[in-house]
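Asker: What follows is a protein structure lacking sequence information:
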């Protein structure tokens, strides 16, 4: 018996057509299942069906110790894996009131900004791919592979780095980490104009994204969007500015806010954010404080009874970690307020009334990571 | 007319040419010839569920470049794919979808289980209630690639192993399809 | 910056005791007066909580706590609203009319805890398959070898 | 071109076609299974019927395309003998295109060309 998803949309009038932009679809960047009700090419109704990559990370964290559950979060939003781990380590450090050495804070911030760069580059490549331009995909991976090489040298793995540890970072940075990051920044500053020439200036790309998928400021607030999606609609919600953590209080960068709220605004916000990330890296790379890279936390981590909260700015928005502890060595309850889950809610008001081709452009501009939605 | 044998290292047959190099004779077996063609043009299905898909994209990008081995044509529909790289965790809700996609692929079809999640459930093996511990319970798997996520070279290594596996199977098995 | 949110809450909800959750002020509202409280929370000029950052639940075995994390983008302050539910009667009015984000958040809490939100237009299981029984995030739910017999019952095994 | 060579030509053409299809039938796998026969829609079952009344925009667009496609077909023979027929045929073709151009203007004014 095939597991049948009975259609919650009733095919009312006979000229409406139900189609699944289903779990296996090139434009959903993962296993998001959208059921569309179409009138010709116009989308009349849209319903997301989730859970195709729901692994129950929150339930699993309840049976794992504090040191173990951190590294599950890098499988949630795998493009900002380091930032997810950083959030969990910050929550645990807040609970234990341990003081993280300065060197660890700067290294963590550097790695977070490099992760944001790599994530935006991959987003830029796949946005071009979604709209039919294949060459941006190869341009995007040129600098991204350099960043992954830097990650691999220091942390041992490319994507799910598991570099953060409660109390600091797992080991010190590689001797020629500074040289390689400077070389990367120099090369990427020279090549960033190619990003504009390939996509931003392209009239086809502009006509596909300007004025498409409009999200008003009130809608973005009502749907609690965050990250570039909200900043493109005029909301200033950058966690690195609002409540800075680690080394963000000592760097100066400006928060990119656009007001048009359409796909092109989200595209421009992310491109500018890449430049801001490079500014942050340049400010930090030359004066990494010396000293310990981590404070040793002996024995089993046991957080005192109570609730703890920490929010960070991942590449897609605000990740909030709510941790309820009952004093044992395992968290009693963990809730991850992930940015993609609420940004997904914005998909429906943006794409109703538009065409299917525009839905693909809107999903590319939303930059969704599906395991972040399903957890 | 005496004939000299020309050497092609990758070509699955003997090639004989006369002095002037015009007329040439090729002696080969259908099996070797078909497997040589099939293994060098494996079209993967676009099927990435989570983190392993990003490493698959890195393998498809310029640095690791799996088009050197003939894989770069990634098809969106199973009807045109002959290889499904299961990249990412398969949960219980995704299992019927994977089985359906596998059934809808034309023969001859091959499966690569990429990543620890597909081999044994990976990091989600013990405490998760919704992860399939190993996709070989659902679909017959040809090559397993461990890693979380495996490096692009590991993926390429796995695919080359699959090519070798194809090269020494019988290309045409004319037998009754078992019900 | 407007005066801190604590004074505003004391002024508008004099009868409620102000506690704290993590680093945010928290108030406890019973289930029946939830909608009227939300009305005040969103419209009162001193509060104007227009953003529902997160909606989740914590299973404290005999009772369930539903948490609403609210934020005001104009004033910049945040508040946690707690509602206690008895395990036998898991019903709570839906707040979709105040914050559109609640539509997806409530589906998740329904799927994971079994709390039905009355007034929600299309309550369904979001993450688990439609024919799944049991609510995974409840403490009583054991993640045993559920996976294998699910596969067996849906004829997905190949051996 | 005797009748025999014509026959040989025809038979060998037929033979090649039969060979291509025949070999394919013999050598190809054929393992039908019920799920393989079902339509593919992103890995899940299709919903609702596909026999729906389509939007009229599709029909108009294809009709306008058909007219101008046939027009080009008529221009091919003229293009081949363009040199020999000289000026007179050129005027005739211009007249022929002018008529269809007015058709295009009419379709444009009636908004048949703008996508819905």
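Answerer: That came through fine. Being a predicted model, the structure only gives us computed values, none of them experimental. Numbers count the residues shown, from 1 in each chain, chains lettered A, B, ... in the order given.

Asker: For the residue nearest to residue A:311 when sequence neighbours are not counted, identify the helix or strand it belongs to.
Answerer: Leaving aside its chain neighbours, residue A:311 sits nearest to residue A:320 (4.4 Å; criterion: Cβ to Cβ, 6 or more residues apart in numbering or on different chains). Heads up, the C-betas are built off the backbone N, CA and C, glycines and all. For residue A:320, the host element (DSSP states H and E) is strand A:317-325.

Asker: Tell me the helices and strands packed up against that strand.
Answerer: helix A:81-96, helix A:228-231, strand A:306-314, strand A:333-337, helix A:339-345, strand C:51-60, strand C:63-71 (3 or more Cβ pairs under 8 Å, 6 or more residues apart in numbering or on different chains; DSSP states H and E).

Asker: now do 6 Å
Answerer: Judged by 3 or more Cβ pairs under 6 Å, 6 or more residues apart in numbering or on different chains; DSSP states H and E, the packing partners of strand A:317-325 are helix A:81-96, strand A:306-314, strand A:333-337.

Asker: What angle do strand A:317-325 and the longest one make with each other?
Answerer: Taking axes from the mean of the first three to the mean of the last three Cα atoms, to 10 degrees, one finds helix A:81-96 and strand A:317-325 inclined to each other by 40 degrees.

Asker: roughly how far is whichever helix or strand comes after helix A:81-96 from the heart of the chain?
Answerer: With elements assigned by DSSP H and E, the helix or strand that comes after helix A:81-96 is helix A:102-130. In terms of Cα atoms, centre = their mean, to the nearest Å, the centre of helix A:102-130 is found 9 Å from the chain centre.

Asker: does the one residue in the stretch 251-375 of chain A that gets nearest to chain D have beta-bridge partners, and which?
Answerer: For the stretch 251-375 of chain A and chain D, the shortest gap (Cβ to the nearest Cβ) falls at residue A:355, measuring 8.7 Å. When assigned by DSSP bridges, residue A:355 has beta-bridge partners residue A:42.

Asker: can I assume it is in contact with residue A:40?
Answerer: No: the pair residue A:355 / residue A:40 is not scored as a contact, 8.8 Å apart, by Cβ atoms under 6 Å.

Asker: Residues in contact with the top helix by length along chain C: which ones?
Answerer: Ranked by residue count, the top helix of chain C under DSSP state H comes out as helix C:102-113. With Cβ atoms under 6 Å, 6 or more residues apart in numbering or on different chains as the test, helix C:102-113 has contacts from A:345, C:52, C:55, C:57, C:94-96, C:115, C:117, C:120, C:123, C:125-128, C:135-137.

Asker: Repeat the analysis, applying 8 Å as the threshold.
Answerer: A:48, A:58, A:341-342, A:344-345, C:52, C:54-57, C:59, C:64, C:66, C:90, C:94-96, C:115-117, C:120-121, C:123-128, C:135-138 (Cβ atoms under 8 Å, 6 or more residues apart in numbering or on different chains).

Asker: buried ones in that helix?
Answerer: C:102-113 (16 or more other Cβ atoms under 10 Å in any protein chain shown).

Asker: what comes into contact with stretch A:207-220?
Answerer: A:131, A:225, A:229-230, A:232-235, A:259-264, A:267, A:346, A:349-351, A:354, A:357-358, A:361-362, A:365, C:100.

Asker: Would you list the buried entries among these?
Answerer: In these, the ones that pass as buried (16+ other Cβ under 10 Å) are A:131, A:225, A:229-230, A:232-235, A:260-264, A:267, A:346, A:349-351, A:354, A:358, A:361-362, A:365, C:100.

Asker: Pick out the residue of chain B closest to chain A.
Answerer: Closest point on chain B to chain A, by Cβ to the nearest Cβ, is residue B:61, at 3.5 Å.

Asker: so how many other residues sit close to that residue?
Answerer: Neighbourhood size, residue B:61 [other Cβ atoms under 10 Å in any protein chain shown]: 21.

Asker: Next: residue A:146.
Answerer: Using other Cβ under 10 Å, residue A:146 has 18 neighbouring residues.

Asker: quick revisit: the residue of chain B closest to chain A: what's its closest spatial neighbour, skipping adjacent residues?
Answerer: Leaving aside its chain neighbours, residue B:61 sits nearest to residue A:141 (3.5 Å; criterion: Cβ to Cβ, 6+ apart).

Asker: so where does the one you found fall, helix or strand?
Answerer: Going by DSSP H and E, residue A:141 is part of helix A:135-155.

Asker: Identify the residues contacting that helix?
Answerer: A:111, A:114, A:117-118, A:121-122, A:124-129, A:157-159, A:161-163, A:170-171, A:173-174, A:176-177, A:180-181, A:183-184, A:187-188, A:191, A:194-195, A:198-199, B:57-58, B:61-63.

Asker: again, only this time at 6 Å
Answerer: Everything outside helix A:135-155 that qualifies as a contact, by Cβ under 6 Å, 6+ apart, is A:114, A:118, A:121, A:124-125, A:128-129, A:158, A:161, A:163, A:173-174, A:177, A:180, A:184, A:188, A:194, A:198-199, B:61-63.
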